[in-house]
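**Student:** Have a look at this fold, sequence not included:
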């Protein structure tokens, strides 16, 4: 096996739809947490100023005209080449300061690292009881079936190889 001497490339992927209120902060937070990473904001037909605010904050902004997060994620993985991908949302749901540890786990050999938004105040802020019940039910089933200890299976915060 050949030893890799170059610094691994990291791409932060932020699918967005009308996130003008938070996207500037999210881009800045990931720039601070992962200096040297390329921050990509994929604007999915926003009707606000998401794209311009992201560009002004230093992100690489791309448009995805096909509506829906699935189309955006497919486009991101088709168009961007990196050693490690970190995906989060543009609504400031996920703490960027967790990203370096997630990237490190991928560099250690994990194919995917799942972020956790539930350990903080998520259940207190989210007042949808059936949503919370469903999240707990699915998480419990997956953990039992696979002998895992996943805390937030529905999260959009992930790092990939």
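**Tutor:** Great, that's in hand. The structure displayed is predicted, hence computed values, not measured ones.
**Student:** could you point out which element follows the longest helix along the chain?
**Tutor:** Ordering each helix of the chain by length in residues (DSSP state H) puts helix 129-146 first. Downstream of helix 129-146, the next assigned helix or strand under DSSP states H and E is strand 158-160.
**Student:** what's the distance between that following strand and the middle of its chain?
**Tutor:** Here strand 158-160 shows a centroid-to-chain-centroid distance of 7 Å under the convention C-alpha atoms, centre = their mean, to the nearest Å.
**Student:** And the contacts of that strand?
**Tutor:** Applying C-beta atoms under 8 Å, 6 or more residues apart in numbering, the external contacts of strand 158-160 come out as 84-87, 99, 102-103, 105-106, 111-115. C-beta here means a position set from N, CA and C on the backbone, and glycine is covered the same way.
**Student:** From these, pick the one nearest residue 45.
**Tutor:** The shortest approach to residue 45 among the contacts of strand 158-160 belongs to residue 87, at 19.1 Å (C-beta to C-beta).
**Student:** so where's the protein shaky on pLDDT?
**Tutor:** Within the chain, the stretches with pLDDT under 70 are 1-5, 117-129, 131.
**Student:** Which residue ranges of it form helices?
**Tutor:** Going by DSSP H, the chain shows helices at 23-33, 50-57, 69-79, 99-107, 122-125, 129-146.
**Student:** Show me which parts of the third one are buried, residue by residue.
**Tutor:** Within helix 69-79, the residues that qualify as buried are 72-73, 75-76, counting by 16 or more other C-beta atoms under 10 Å.
**Student:** Could you identify the most distant pair in these?
**Tutor:** Farthest-apart pair in the buried residues of helix 69-79 is 73 and 75; separation 7.3 Å (C-beta to C-beta).
**Student:** Could you tell me which residues touch both of these two?
**Tutor:** The overlap between the contact sets of residue 73 and residue 75 (C-beta under 8 Å, 6+ apart) is empty.
**Student:** any idea how far residue 138 is from residue 10?
**Tutor:** 29 Å (C-beta to C-beta, to the nearest Å).
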